[in-house]
Structure formats: structure tokens, C-alpha cells
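> I'd like to go over a predicted model; first the sequence, then the structure.
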Amino acid sequence: MRAIRLTGLLSLALLALLAAGCGDKKESATRPVAKNPTTAEKPAPTRFTLKEGSQTIEAKLTDKGVDFNVSEPIVMIDFFATWCPPCRAEIPHLANLQKRYEGKLKIIGILVENKHPAELKRFINGHGINYFVSNAPDNMPFADGVMEMLHQPRNFSIPFMVIFVKGKYYRHYMGLVPEEMLESDIKEALKEVK
């Protein structure tokens, strides 16, 4: 009886860790925190170039969300890292959704770690990723801009996903989210497109 209770508690603890997502401690150490008050601050950028190999997607922060130069009316951005177990666990579900809603949904993975392009390509191929994954210098400034827009901390937990409908903010998720929940929200978002 005690063994069953202990197994149940351990399972519950593991589930809570997966749902909470990965803290982004690696990146927070490399990103500037303090600002020099004696120098004039440059305004934060609002335009970003997201890159996957030779393909690019332009993103522009607006007061209502983010405009992307893509044809799909719904864009889901996924901030993730290759070392994060919940991030890796969500990949098959995102790939299913990208395939199921082709032409209506554009999933854009935003890598929040430094990764050599060849290493990232092996990761993409090895995990069956069928959606755009940006590995660009603009990834972290873009993440900072989106987090500021959503009033989230700069050292946010991952995975962190945001849905935009025709450039307007729709919903965001922190941690691992069931595919069924994402699909339900995508279906609701599609009603706003019509």
C-alpha cells in the first residue's frame, strides 16, 4: 500500500515538473541585465528577421500583437530549447497540428539558445520537425519584445507558445500543453478568421 502511494506521489511530482516547463537559466546568464543610466537608451527594436537556413520570416511588433509576412492567418510561435525535455515532448504534437492545419496555421519555433546550424539541422531531422525553426541573431531580441508585450519576465520558462490571429494577440501558454487544448484553441481562432 505504501509503495503504491509513493509511486503515485512520484508520478504526480514528475507530471508537475513537465507541466511547469524548463527555466531559461542558460540564456539569462548571457543576456544583459543592467543598463547604464548615464547613456541615452536606444528604443527597443520592433522589426525582426527570423531565419531558417536561407528562408526568412519578417516579424513586426505592433500595439496589438505581431505582424508576420506569412500567408497563414494564424501564427503560433514556440519559444524553445533543444536541451529542454518538455520542449522536446511537444514537438510531435506541434508537427501534427502543422500538418493538420496546413495553409491556415504557421508554427514558428524560436530557438532561445545558441546552436550551430548543422547541429540544429540534425535536431530538426531527428525529431521530425515539419515547421519553421528560427536560429537567428534576432531570436532573443524578438523574445524580449514579445515577453514585454505580454508583461512576462525576460527569463521566462519554456516552452512558451503564443497564438496570433491576423497579427493580433490571441492566447499564450507556459509549459507543456496537451495537443487537444491547442487544437481546440486553434479551432476557436479559425472562427475569428471567417
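Perfect, I can see it now.

> For the residue lying closest to residue 55 once chain neighbours are set aside, give its distance to residue 98.
Of all residues not flanking residue 55 in the chain, residue 132 sits nearest, at 7.0 Å (CB to CB, 6 or more residues apart in numbering). The way it works is simple: take the backbone N, C-alpha and C, and place the C-beta from them, glycine included. According to CB to CB, to the nearest Å, residue 132 stands 9 Å off from residue 98.

> Repeat that for residue 154.
28 Å.

> out of the two, which sits in the busier spot?
Taking other CB atoms under 10 Å, residue 154 and residue 98 do not tie; residue 98 has more neighbours (18 against 15).

> Which parts of this structure are helices?
Using DSSP state H, the helices of the chain run over 2-20, 25-28, 85-100, 117-126, 139-149, 179-193.

> what residues are up against the residue nearest in space to the middle of the chain?
What sits nearest the mean C-alpha location of the chain, by CA atoms, centre = their mean, is residue 78, with 1.8 Å. Contacts for residue 78 (CB atoms under 8 Å, 6 or more residues apart in numbering) come out as 90, 94, 107, 108, 109, 110, 159, 160, 161.

> So the residue nearest to residue 55 is in contact with residue 59, correct?
No - with contact defined as CB atoms under 8 Å, residue 132 does not reach residue 59; the gap is 11.4 Å.

> Look up the residues that both of these two are in contact with.
By CB under 8 Å, 6+ apart, the residues touching both residue 132 and residue 59 are residue 50.

> The two: who's more crowded?
Neighbours per residue, other CB under 10 Å: of residue 132 and residue 59, the larger number sits with residue 59, 26 against 21.

> rewinding a little: pick out the shakiest of the helices of the chain, pLDDT-wise.
For these, mean pLDDT drops lowest on helix 25-28, to a mean of 40.

> what's the burial count for the spatially closest residue to residue 86 that is not a sequence neighbour?
The spatially closest residue to residue 86, leaving aside those adjacent along the chain, is residue 176, at 4.1 Å (CB to CB, 6+ apart). By the criterion of other CB under 10 Å, residue 176 has 22 neighbours.

> Phi and psi next, for residue 176.
As for residue 176, its main-chain torsions (degrees, to the nearest 10) stand at phi -70, psi 130.

> Lovely, talk soon.
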